[in-house]
Structure formats: structure tokens, C-alpha cells
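Enquirer: Return atomic coordinates for the entry below.
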Amino acid sequence: MATPYLRVRSGEVHLPSTVVVKPGIIGELGEYIRSLGYENPLYIVNAYTKEHFMPEGASFFDAVEATLDYANAALSSVGGHDAVVGLGGGKNIDIAKYVGWKAEIPVISVPTIPSHDGIASPMVSLSGGGRPYSHYSRPPRHVLVDPDVLAGSPKQYVLSGYGDVLGKYTSIYDWWLAHVDRGEHFDGYSAALARLSFRHVVRFRKEIADRTYDGIKALIEALITNGVVMSMQHSSRPASGSEHLISHAIDSILGRKGLHGLQVGLATIVAAYLQGRDWGRIRKYLEDVGAPTTAEELGIPEDVMVKAVATARSLRDRYTILHKLGVDEAVARRALKETGVI
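Expert: Model (predicted):
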């Protein structure tokens, strides 16, 4: 079967108009945002980013939790502002994207940790109504990255971003599988870009682990590339497959949100095993940077990990290897044991 090549999901693709990777840019953030033409932005922050990175005197909303309630509260505060700035991690940036989408004003993404591929993506992930809320909005109009700030973030956040990108090894396969088995739309060009991001972080994994300038730059390039791919497809499909479903299932069972990319990296080992592919390769790539390769390292009980793999396919109607195999607890336990995850 021939691979469909370069088919975007519609005739309209929104991408960031500005991506700046510049050491020290956060120190001049207010001035730089004014140079983009915005006089009165609303900053979405938490206590740490407000104290350390937000320009003095700026208007802000304190994003305590990544929930629809907080996102809608931020939306009610945006009147009179000409842009919204997500300053911080995934929570702040997702709320900013939600507010910008609903209020129809530009979004400026300013990550302070490289822990996720939502930095430049159009996807919004919030919780509400007892289940995760994920929606396609629009990507940030501007992405401003200070590699010095990201290199100074705790190593677990750097490894989380790395794990999120490693997940493309299995998400692309799941996307192709859905095309073959179910006739789902598949785009070879977008898949190639996502695969390139995987190869990029693997090539620079030592530098990423050491948090050098080249390593952080490579990680950011990969995370932004995945945001572009999701924009092209109007969906997280190229970047999110069985490995992401397993991570979401862990959160659902435990009733808390763990560090997403670390869980995705761990789940990629299991997903690759179920796909009949080289799961040992993924395990080694995680070990090489000091990322967790067992459930115990992440504080996930064995029975929770088994249940997560067995029930992940029920979380959403997105066909993956979990659906094809009809994975149950016996299959899940065997996969987890044989890969050493439990």
C-alpha cells in the first residue's frame, strides 16, 4: 500500500509566525513583546514564574491548576488585553492557548522548562468533568525560548521533554496501523517530520542529559517540530499513540497528574514491545540519559501499571496497537515483565 504524501487536514494551516531561540531573552521579555506590537498582554503564570521571570508591573493570572475552571477564570480576566502570554510549563501555556483561542487574541508561548511538546502545538490539555479535556485550538503566534533558562531547569523536566519525543517511535507506528487497519488519514510527510524529531534527540542525547546549549537547542527543535506536525494535521494523532494513552491511564487510576514525558518514555518501552518492535532500543535510549525505565522509579505500583496498560484503550476512540491486540491484564503483565518495567 502506497504511503499518502503531504496531505494536511484542511486547506488552512496555522503555524507560529515567530520562533526565537535566544539566550537572555527572558530578561528583556517585556521589551521584546512590545517590539512585537503588544502593549497590554495578560501573563499566565504560577508563583515561581511570576517572581522570577514576569516583567515588573505586568498584568497576570495565577494558574494554580490545569483545569477548565481555571482556564475559564483566566478567560474572564482577559478583557482589554491585546495578547496572552503563557510563561512557564505546560499548565501555563495550555491555559494561555485556551484563552487566546476563545478570546481570539494572539498567544505568546514562553517556556521555562522543556518538559513537553505543547510549546508550539495547537493542542490544549486540561482536566475537567472527571476526565482529561484535549482540544485543537490554534498554535501560539510567537514562541520565545531562552535556552539558558531551560538549561537551568531541574533535570527531570529536561528528561520529560526527551521522553515525550521518544514516544514518536510508537505514535507514528500506531498512526500508520490505523491507516492500514481502519483507513484513517495518514500523511507521510508529517510522519517523517515526527520521526526526524525522534532521531534528533537520540543523536543529541548525551548533550541533552548534560543540559548543554546544543542539547537544549536540539530538544527544543524537536519539541517545536512536533507542534508544527500537529498543526499541519489539526490533531495530536502523529505525536500521541498507545504510549500517551498508557500515561493518561496511569494519571486516571492514581487520581493525579505525573510528569507526563517521563511516563510517556516508560510507556514507549511497553508499546514498542506490543508492536513487535525494538523495545530494548528505547530502554537503552532512556538509560543513556538517566531517565526512568521501571514503574518503581516513578512511584507507580505494579498493579496500577498493569491496569493502566490493560485499560488505556478505553480512554478514547483512537486506534492503536492496544486496540488491535485487545490488550487485557494478562497480556499487559507479560509485556511489563518481559521488558523489565515491573
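Enquirer: switch to C-alpha atoms for all contacts and neighbour counts from now on
Expert: Will do.
Enquirer: Low-confidence stretches in the stretch 101-250 of the chain?
Expert: 128-133 (pLDDT under 70).
Enquirer: Buried residues of the helix ranked longest in the chain, list them for me.
Expert: Of all segments of type helix in the chain, defined using DSSP state H, the longest is helix 213-233. Using 16 or more other C-alpha atoms under 10 Å as the test for burial, helix 213-233 gives 213, 215-233.
Enquirer: cool, stretch 265-276 as well?
Expert: G265, L266, A267, T268, I269, V270, A271, A272, Y273, L274, Q275.
Enquirer: can I get those in JSON lines with distance to A120?
Expert: Converted to JSON lines, the buried residues of stretch 265-276 look like this (distance: C-alpha to C-alpha, whole Å):
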{"residue": "G265", "distance to A120": "20"}
{"residue": "L266", "distance to A120": "24"}
{"residue": "A267", "distance to A120": "23"}
{"residue": "T268", "distance to A120": "22"}
{"residue": "I269", "distance to A120": "26"}
{"residue": "V270", "distance to A120": "28"}
{"residue": "A271", "distance to A120": "26"}
{"residue": "A272", "distance to A120": "26"}
{"residue": "Y273", "distance to A120": "30"}
{"residue": "L274", "distance to A120": "30"}
{"residue": "Q275", "distance to A120": "29"}
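Enquirer: okay, the residues you listed in TSV with distance to L298, secondary structure and pLDDT next?
Expert: Formatted as TSV, these follow (distance: C-alpha to C-alpha, whole Å; DSSP: H, G, I helix; E, B strand; the rest coil; pLDDT from 0 to 100):
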residue	distance to L298	secondary structure	pLDDT
G265	11	helix	98
L266	9	helix	98
A267	12	helix	98
T268	14	helix	98
I269	14	helix	98
V270	15	helix	98
A271	17	helix	98
A272	19	helix	98
Y273	20	helix	98
L274	21	helix	98
Q275	23	coil	98
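Enquirer: tally of neighbours for L36?
Expert: Look at L36: counted by other C-alpha atoms under 10 Å, it has 10 neighbours.
Enquirer: Which residue comes closest to I25 once chain neighbours are left out?
Expert: Leaving aside its chain neighbours, I25 sits nearest to D146 (5.6 Å; criterion: C-alpha to C-alpha, 6 or more residues apart in numbering).
Enquirer: quick one: contacts for that neighbour?
Expert: Each residue near D146 by C-alpha atoms under 8 Å, 6 or more residues apart in numbering is listed here: V21, K22, P23, G24, I25, I26, P111, T112.
Enquirer: Any idea how many residues pack against the residue lying closest to the last one once chain neighbours are set aside?
Expert: Nearest in space to T112, with sequence neighbours left out and distances taken as C-alpha to C-alpha, 6+ apart, is G88 at 4.7 Å. Burial of G88, expressed as a neighbour count using other C-alpha under 10 Å, amounts to 24.
Enquirer: got the phi/psi numbers for G88?
Expert: Backbone geometry at G88, expressed as degrees, to the nearest 10, gives phi 140, psi -140.
Enquirer: Look up how far G57 lies from it.
Expert: To G57, G88 is 18 Å away according to C-alpha to C-alpha, to the nearest Å.
Enquirer: Please save the CA atoms from stretch 267-274 in CSV.
Expert: This file holds the C-alpha atoms of stretch 267-274, laid out as CSV (Å, rounded to 0.1, in the frame of the first residue of the first chain):
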residue,chain,number,x,y,z
ALA,A,267,5.2,3.6,28.3
THR,A,268,7.0,3.7,25.0
ILE,A,269,9.1,0.7,26.0
VAL,A,270,5.9,-1.4,26.5
ALA,A,271,4.1,0.0,23.4
ALA,A,272,7.2,-0.9,21.3
TYR,A,273,7.1,-4.5,22.7
LEU,A,274,3.4,-4.8,21.9
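Enquirer: ok, and what's touching the helix or strand hosting K102?
Expert: In the assignment (DSSP states H and E), K102 maps to helix 90-103. Contacts to helix 90-103, defined as C-alpha under 8 Å, 6+ apart, come from residues 44-46, 63, 65-66, 70-72, 74-75, 78, 83-87, 106-107, 109-111, 115-116, 118-119, 122-126, 137-140.
Enquirer: Specify the next element, helix or strand, located C-terminal of that helix.
Expert: Sequence order places strand 107-111 as the next helix or strand after helix 90-103, per DSSP H and E.
Enquirer: tilt between that next one and helix 90-103?
Expert: Angle, strand 107-111 to helix 90-103, by axes from the mean of the first three to the mean of the last three C-alpha atoms, to 10 degrees: 180 degrees.
Enquirer: continuing past strand 107-111, what's the next helix or strand?
Expert: Heading C-terminal from strand 107-111 (DSSP H and E), you reach strand 123-128.
Enquirer: Determine the set of other helices and strands touching that following strand.
Expert: In terms of contacts (3 or more C-alpha pairs under 8 Å, 6 or more residues apart in numbering; DSSP states H and E), strand 123-128 is packed against helix 68-76, helix 90-103, strand 131-136.
Enquirer: Need the winner for burial among the ones you listed.
Expert: Most buried of those, by mean neighbour count (mean count of other C-alpha atoms under 10 Å): helix 90-103, with a mean of 26.
Enquirer: starting at the chain centroid, how far to that helix?
Expert: Centroid separation between helix 90-103 and its chain, computed with C-alpha atoms, centre = their mean, to the nearest Å, is 14 Å.
Enquirer: Let me see the domain layout of this structure.
Expert: 18-151, 155-338 (automatic domain parsing).
Enquirer: Great, nothing more from me.
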